[in-house]
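Undergrad: okay, sequence plus prediction incoming.
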Amino acid sequence: MTGCQEFCPTVWVGKGFLVGESHDHRKCKITGKIAPTYAAFFAAFCKYEGAPITVVEFVHFDVKDLP
């Protein structure tokens, strides 16, 4: 295995994915619970966007809300 754990997505859905290791932990805006945050890559724009977000926030995020 060559580095897959460092670069494999944490979550991958149709709109994009969250990258590997968590950035930090904070209160999730949806659940209200402390959760790890990740860098988000959105396929619609083929780039990383915004501040790190939690898994739940990413799954519920609407890409139409991006600038």
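TA: Sure thing, it's come through.
Undergrad: pLDDT on the longest helix that the chain contains, on average?
TA: Secondary structure of the chain per DSSP state H: the longest helix is helix 55-60. For helix 55-60, the mean per-residue pLDDT is 93.
Undergrad: tell me what that helix is packed against?
TA: Counting contacts by 3 or more Cβ pairs under 8 Å, 6 or more residues apart in numbering; DSSP states H and E, helix 55-60 is packed against strand 9-13, strand 16-19, strand 34-42. Quick note: C-beta positions are derived from backbone N, CA and C, even for glycine.
Undergrad: now that helix: how far from the chain's centre is it?
TA: 7 Å (Cα atoms, centre = their mean, to the nearest Å).
Undergrad: repeat that for stretch 48-55.
TA: With Cα atoms, centre = their mean as the basis, stretch 48-55 stands 5 Å off its chain's centre.
Undergrad: any idea what the residue nearest to Phe42 when sequence neighbours are not counted is bridged to?
TA: Closest residue to Phe42 apart from its sequence neighbours, by Cβ to Cβ, 6 or more residues apart in numbering: Gly16 at 4.1 Å. Beta-bridge pairing of Gly16 under DSSP bridges involves Val13, Phe42.
Undergrad: please report how far Gly16 lies from Ile30.
TA: 17 Å (Cβ to Cβ, to the nearest Å).
Undergrad: of these two, who's got more company?
TA: With neighbours defined as other Cβ atoms under 10 Å, Gly16 and Ile30 compare such that Gly16 has more, 22 against 15.
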